[in-house]
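> this is a predicted model, with the sequence first.
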There are 2 protein chains.
Amino acid sequence: MRPHIIILGAGFGGIAAAQALRKADTDVTLIDRTNHHLFQPLLYQVAGAALSPADIATANRALLRRNKNTRILMAEASGIDAAANELCLTDGRRLRFDYLIVATGAGYSFFGNDGWRDHAFVLKSIDDALAIRAALLGAFERAEQCDDPAELRRLLTFAVVGGGPTGVELAGTIAELARTTLARDFSRVDPRATRVVLCEMGDHILRAFDPKLSQAAREMLESLGVEVRTGEKVQAIDERGLTVGDQRIDAAAVLWAAGTEARPAAAWLSADAAKNGAVKVRPDCSVPGHPNLFAIGDVASFDSGDGPLPGLAPVAKQQGHFVGRLLAAKVAGHCPDDTFSYRDYGTMAVIGRSRAVAEIAGLKLKGFVAWLAWSLVHLMLLVDFRSRMSVYVHWAWSWFTYGRGARLLTGYAPDPGETPRAAVLPEIEKEVRAAE
Amino acid sequence: MRPHIIILGAGFGGIAAAQALRKADTDVTLIDRTNHHLFQPLLYQVAGAALSPADIATANRALLRRNKNTRILMAEASGIDAAANELCLTDGRRLRFDYLIVATGAGYSFFGNDGWRDHAFVLKSIDDALAIRAALLGAFERAEQCDDPAELRRLLTFAVVGGGPTGVELAGTIAELARTTLARDFSRVDPRATRVVLCEMGDHILRAFDPKLSQAAREMLESLGVEVRTGEKVQAIDERGLTVGDQRIDAAAVLWAAGTEARPAAAWLSADAAKNGAVKVRPDCSVPGHPNLFAIGDVASFDSGDGPLPGLAPVAKQQGHFVGRLLAAKVAGHCPDDTFSYRDYGTMAVIGRSRAVAEIAGLKLKGFVAWLAWSLVHLMLLVDFRSRMSVYVHWAWSWFTYGRGARLLTGYAPDPGETPRAAVLPEIEKEVRAAE
């Protein structure tokens, strides 16, 4: 019998591992809760109504069609029985493996304030992005019909918590959506009056970047009209806004991009975990004490000697490739090189149309040059050609027209007062009921 | 004060009316439950995972940006107070009008069996199409993990009720999705074993077409593997399938495309209604007894002398244009031509890749020629250039690769057993709660 490798999670890490195992003499099972791989670095553009979900997501089955040794299951894991070498699924099934690659990624952490989760939007899945898009577009629609000045101000206020790349990208895209695309669309409301507040607890935004670039990013955000608040902690988030430091900000939507938390693989394995819950792994990405278990990407904490590697797509991708090759060599009877090392090609964050900051190979770029570098890199990284082509068409078109093609408010219909009601809800409930 | 014209509904009729009123010296308010205009003739391609919602929908505000006299409200009507010349909204507001154009369209009728509504999918909105897409893709994912032969057969069976153009298009697109796009995607399940059943109560499918074309369409469907059943009534629809004539068909999804029913404008107006609930209108599309109220498109029943006009996009579009121009002339003090006449450019139905039937200007076309005519016409009719370009790219790409770009299963995650759970549900509930 050929050895069986289970890959849990179809993010950058899991897909890279499956691709590296394509020609290996093994059976591979890739398990994911969804049916698609997501190009997460562009997810904020779906939230900002610039791209459609299909532009940045590809069906796992399409992506791995050439992997004849790979079976794909849409399922959810509930635990790992390391002693029995079995993966437990939420439907009660147990799948035996010879090797397991855990690539389940991370979610958002609310630093112990789990009540905030009910009132803040996060950005991890397509559904998250569509919920944000609906909240943004819905707020403008409700504002257009609102006669109360205080409520109107609230409906045109959006708060983003967290000054990392995701927070910066979200704040920038909301400001641009309001100031360019929607600017002339309403008769009573001027979307240019939109207030976008970016709240960062630390002293600077984009702390992973050089202080000069961080300052440049702040200035670019401010030139778009974003209000950047640093050095203040979020005290409360509720259904009508948030409190930052001692200031109350009424907002139509609060977007949380502040802290990540690895998915619970460390707890499943009773393994040693970093502060964010990530599994501390050995130099070959294996879990200490379990040479046939590997953890990669955001769910792993890999000590590069210089502190743990950051939770970035390239880290996950390179680790997936490394572990895939390692296991391919192992099952072929070779004794492979067993130390992962990360090649850092740089980091970037985009603020808006032709505005970005980037550190590439020691070069510090800002403004249009950085944006150009950013868009070239992201276009090249998009996983399949079709997506690439479609994204290119959308971008080229948006560039010339300031238009956003994906401005659809779906799953919501207005109702008495300002309540956006979920028109899709009965539909979904029906499906659930029908299948029960 | 300038006269105030309210247009209720942003379908083909409402948008055409607004466009015809663009230069009129009036205030126009366009009201719709959603924020977008939908190119409904291609909606089945969203259900079939070939197109993305944004390819066939455009924000109303973007579409009517040049209409300086037009205000757009996202709201839902609950009634018409014809005596007071007021439109009632579900949120309790009342809007005064001088002229009202009702263009609310039609929904699906279950011929009195309203319990079936809980178990069958319909295709009217983007949310409907996404629910169908999720049901189709979800069934294949569940089939891949199913060990029970009877259940497996059920999961690979899809029933479409109604042999009109929508039913034919849906049956064709499901068969093609299974037989080409998904054919090589699964390891255990062969999607080519999919059973697609099209049920038509009458003797032929596509009854509005010439009998020869109807027969050709049937043969084309059968060559795609669709099982066409005619002359049998649906007796029951439940959560696990349907009963047609005396035969039970277990199915993963039942799609209902059998009968339409106008939205309740006739009841609101206590006006004379046709069998399907549509308002019987005068030759100028006004409601008898209410010279300032007009009904157009699917919500109206217009007697062409040769029976009522069919519920087609071109009828709605031409009536919207006619009423818009009529009112523009009226407010300018002219005495306009007041009889609408429909120009019939023909009808078509598409069965699949390079298969269609069409009757254009007396010509009866079938097969590839009909398909070419169909795709040219639909490309030309798509309302704005951006959509046109994007659809073109998708089509060109799909044509060469048999690939479908929008194969995303969102809003659902698998759960214990085979229950597809609505992952987006808590998200939506949160939004609703947050706004309450």
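Received, thanks. Numbers count the residues shown, from 1 in each chain, chains lettered A, B, ... in the order given.
> tell me how many other residues surround the residue of the stretch 201-350 of chain A found nearest chain B.
When distances are taken as Cβ to the nearest Cβ, the stretch 201-350 of chain A reaches nearest to chain B at residue A:239, 4.2 Å away. The way it works is simple: take the backbone N, C-alpha and C, and place the C-beta from them, glycine included. Neighbours of residue A:239 under the rule other Cβ atoms under 10 Å in any protein chain shown: 13.
> surely it touches residue A:115?
No. Residue A:239 lies out of contact with residue A:115 (Cβ atoms under 8 Å); the separation is 10.9 Å.
> strands along the stretch 201-350 of chain A, start to end?
For the stretch 201-350 of chain A, the strands defined by DSSP state E, counting those that start in this stretch occupy A:226-230, A:234-238, A:241-244, A:247-250, A:253-256, A:260-262, A:279-280, A:286-287, A:290-295, A:300-301, A:347-352.
> would you turn those into TSV with mean neighbour count and mean pLDDT?
Listed next are the strands of the stretch 201-350 of chain A as TSV, based on neighbours: other Cβ atoms under 10 Å in any protein chain shown; pLDDT from 0 to 100:
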stretch	mean neighbour count	mean pLDDT
strand A:226-230	18	97
strand A:234-238	18	96
strand A:241-244	20	96
strand A:247-250	15	96
strand A:253-256	26	97
strand A:260-262	21	90
strand A:279-280	23	96
strand A:286-287	22	96
strand A:290-295	22	96
strand A:300-301	27	96
strand A:347-352	24	88
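> okay, these in JSON lines with distance to residue B:48 next?
As requested, the strands of the stretch 201-350 of chain A are exported to JSON lines (distance: least, Cβ to Cβ, whole Å):
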{"stretch": "strand A:226-230", "distance to residue B:48": "41"}
{"stretch": "strand A:234-238", "distance to residue B:48": "41"}
{"stretch": "strand A:241-244", "distance to residue B:48": "42"}
{"stretch": "strand A:247-250", "distance to residue B:48": "44"}
{"stretch": "strand A:253-256", "distance to residue B:48": "33"}
{"stretch": "strand A:260-262", "distance to residue B:48": "37"}
{"stretch": "strand A:279-280", "distance to residue B:48": "41"}
{"stretch": "strand A:286-287", "distance to residue B:48": "43"}
{"stretch": "strand A:290-295", "distance to residue B:48": "39"}
{"stretch": "strand A:300-301", "distance to residue B:48": "39"}
{"stretch": "strand A:347-352", "distance to residue B:48": "34"}
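> so which of those strands gets nearest residue B:179?
Comparing the strands of the stretch 201-350 of chain A against residue B:179 with Cβ to Cβ, the closest turns out to be strand A:290-295 (38.3 Å).
> strand partners (parallel or antiparallel) of the closest one?
Here strand A:290-295 is paired, per DSSP bridges, with strand A:99-102 (parallel), strand A:286-287 (antiparallel).
> so how far is the first one from its chain's centroid?
Going by Cα atoms, centre = their mean, to the nearest Å, the spacing between the C-alpha centre of strand A:99-102 and its chain's C-alpha centre is 22 Å.
> and the helix or strand just after that strand, what other elements does it pack with?
Sequence order places strand A:106-108 as the next helix or strand after strand A:99-102, per DSSP states H and E. Packing contacts for strand A:106-108, counted by 3 or more Cβ pairs under 8 Å, 6 or more residues apart in numbering or on different chains; DSSP states H and E, involve strand A:260-262.
> what's in contact with the strand it packs on?
Strand A:260-262 has contacts (Cβ atoms under 8 Å, 6 or more residues apart in numbering or on different chains) with A:104-109, A:273-274, A:276-279, A:298-301, A:311.
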